Structure formats: C-alpha cells, structure tokens
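K.L.:
next input, structure requested:
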Amino acid sequence: MRRPDGRSAGRTSRAIEPGAPRRESSSAPTAADVLAAILPKGIPDPLWRTAWSLRRRAGLSPTQDVFRELRRRGVPTGDVAAVEVFAGNGFCHTLDYLASVKSLEAWELSPAHEADLRHNLPGATIRITDSFEEINRTVRRFGIVVVDNTITTFGPGYVEHFDLFPDLFRIAENPCVLLLNVCPKVPAALRDDARRMSRRAAFYGTPRPHDVPIDRMVQTYATLMFDHGFLIDWSFARRRAYRTGIYYLVMRMSRPAASVTSDS
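P.N.:
Numbering: from 1, shown residues only. Okay, the predicted model is just below:
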C-alpha cells in the first residue's frame, strides 16, 4: 500500500509533491466576505458584535457555509460530537455551528474566558485546559475536530496548528471531519517571523513557505493521515478572512476496513 505522496509506507516525509486527493476551493468573494470588507477596522466592540450576530442570523458566516456543505456531502452533523480545540470566548465561529452538532466540547487555556464560554455556548462542555496536554489526556473521540488556530507564532513557540500533529489523530472518531485554519499566502507584514517561516517550510516541505497552494497542504495532511492509519476521503476549502487570506480547510478522513478490523 502506497502513501498519498507516492512513496511506500514508512516515516513521514515532509517533502510532499502535489497528488491525488479530491479537493475543492471557493475563492470567489461570498456575502460574508463582502460584509467583512465593508466593516471598518477598529469599530467599537458592541457594533462589531451586533454586525457579527446579524451575519449569523442571516446565515452568511463562512462557518455556516462550511456546515451546509458538510450536510450536502452526507455528513450527519446533527448526530456528531465536535470539539473546539482553541475556543477563545466562543462568540465568533463556534457559536455559528453550535446548533449544527449533537454535542460540543470546548477547550480553552485562559480562565478569563470561562464565564463568556458558558454564556455563549449553552449546553457545551467547557474545559479550561492546555489543549496540547488535553489532546493526550482525554479518552473521548470526536467526529468533528475544529482547530481555530492563529496564523502566527503563539505561546511558548507554537506555530499555527503544526504542534497538534500527530497527537490530534488519537481524538479522531472513524470517520472524522477535520477543520483547520490555513493561510496559503502569508501577508507580507507577517513574513518576517523567521520561526514561523521555518516551521511552514518544514511542515509542508517547500522552499516557498510564504506561498503554499492548498493542493500541497492537502497532500501533506493526507500523508500524515496515512501514516497514522487514516485515509483522506475528500476535502474542500472556503475563504474565511477576506483581508488576511485565511481559509477553512475541511477534510474527512476514515480508517480502512482492514485497519478497523485489526484494531477491534
């Protein structure tokens, strides 16, 4: 059996060539993009929250678009347990999909966000925890794993979502939808972060870490999945932030039947 990068199974290689998994992207501005573009930067928080709530009520958020597409592809989101790995205060995109899943567990490092999380995400299980530790401690498995990572370096030197791999696979149900924040083209103002650029080059196996096509990203994740017992079924991308070029990269993975049998 061969890996998605065409190599025989073995250690994960970071030098990934574009390959086969089906992937779709949506680069045309959506209604949500237009709304984001016309809102001025630095608007007062109450006005920003009102605008976000109106967008949610109208069903125009990129997150809502993602979950509509998941249902169109046959994912029964209302029957699936989800986890939000970096929950923040829960007001933004997490609240956009809360009603679309069977249950939600929200992980957040900062105790300062706990009251807001309990208010914004009624019915969710809130865990004030270090997500990098929780991912190795929890016994739960989830059918939707959402990683709302920053696109910069954070904490003690973490970069984007790279440090969650490969531990993330131990919390994945079979099958599992993985939703990541990705940034194919790093804005010029953020390219002087040498640590981030070095990590992106190593993770995606590219000499151009500031410009990584989504196809190449998908191939990297497909290879990681393969090396940890999963196959990628399909993927698609949706633009999330019009100004900064952040996308949701959505991938469904599942274990081959032979693997499920041998693990049981």
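K.L.:
so where do the helices sit in the stretch 151-264 of the chain?
P.N.:
194-204, 214-227, 257-263 (DSSP state H, counting those that start in this stretch).
K.L.:
now the first one, how far from the centre of its chain.
P.N.:
Mean C-alpha position of helix 194-204 versus that of the full chain (C-alpha atoms, centre = their mean, to the nearest Å) differs by 18 Å.
K.L.:
and that helix, what does it pack onto?
P.N.:
Applying 3 or more C-beta pairs under 8 Å, 6 or more residues apart in numbering; DSSP states H and E, we find helix 194-204 packed against strand 158-159, helix 214-227. In this view, the C-beta of every residue, glycine as well, is placed from N, C-alpha and C.
K.L.:
and of those, who's closest to residue 167?
P.N.:
Closest approach to residue 167 among the helices and strands packed on helix 194-204 (C-beta to C-beta): helix 214-227, 11.3 Å.
K.L.:
any idea of the angle that closest one forms with helix 194-204?
P.N.:
Going by axes from the mean of the first three to the mean of the last three C-alpha atoms, to 10 degrees, helix 214-227 is angled at 60 degrees with respect to helix 194-204.
K.L.:
give me the mean pLDDT for helix 214-227.
P.N.:
When pLDDT is averaged over helix 214-227, the result is 98.
K.L.:
right, so the helices and strands packed on helix 194-204: which one is the most enclosed?
P.N.:
helix 214-227 (a mean of 22; mean count of other C-beta atoms under 10 Å).
K.L.:
shaky segments in the stretch 1-150 of the chain?
P.N.:
For the stretch 1-150 of the chain, the stretches with pLDDT under 70 are 1-56, 58-60.
K.L.:
quick one: the helices in it?
P.N.:
Using DSSP H, counting those that start in this stretch, helices in the stretch 1-150 of the chain cover 31-38, 45-57, 62-72, 93-97, 114-120, 131-137.
K.L.:
bridged to the residue most central in space within the chain, which residues?
P.N.:
With distances taken as C-alpha atoms, centre = their mean, residue 180 lies nearest the centre of the chain, 1.4 Å away. Beta bridges link residue 180 to residue 147, residue 249, judged by DSSP bridges.
K.L.:
what sits against it?
P.N.:
147, 149, 161, 221, 248, 249, 250, 251 (C-beta atoms under 8 Å, 6 or more residues apart in numbering).
K.L.:
what is the burial count for the second one?
P.N.:
I take that to be residue 149. 22 (other C-beta atoms under 10 Å).
K.L.:
look up how far residue 223 lies from the residue nearest to it when sequence neighbours are not counted.
P.N.:
In space, and not counting its chain neighbours, residue 149 is closest to residue 161: 4.2 Å by C-beta to C-beta, 6 or more residues apart in numbering. For residue 161, the distance to residue 223 (C-beta to C-beta, to the nearest Å) stands at 16 Å.
K.L.:
of the contacts of residue 180, which is the nearest to residue 87?
P.N.:
residue 147 (10.8 Å).
K.L.:
isn't the closest one up against residue 182?
P.N.:
No: contact between residue 147 and residue 182 fails when scored by C-beta atoms under 8 Å: they sit 9.8 Å apart.
K.L.:
in terms of neighbours, single out the busier of those two.
P.N.:
residue 182 (22 against 19).
K.L.:
with adjacent residues omitted, what lies nearest to the more buried one?
P.N.:
Nearest to residue 182 is residue 249, by C-beta to C-beta, 6+ apart, at 4.5 Å.
K.L.:
do the same with residue 203
P.N.:
residue 162 (4.9 Å).
K.L.:
the one you found reaches residue 199, doesn't it?
P.N.:
Yes: here residue 162 reaches residue 199: they are 5.7 Å apart, a contact under C-beta under 8 Å.
K.L.:
neighbour-wise, which of those two wins?
P.N.:
Per other C-beta under 10 Å, whichever of residue 162 and residue 199 has more neighbours is residue 199, with 19 against 14.
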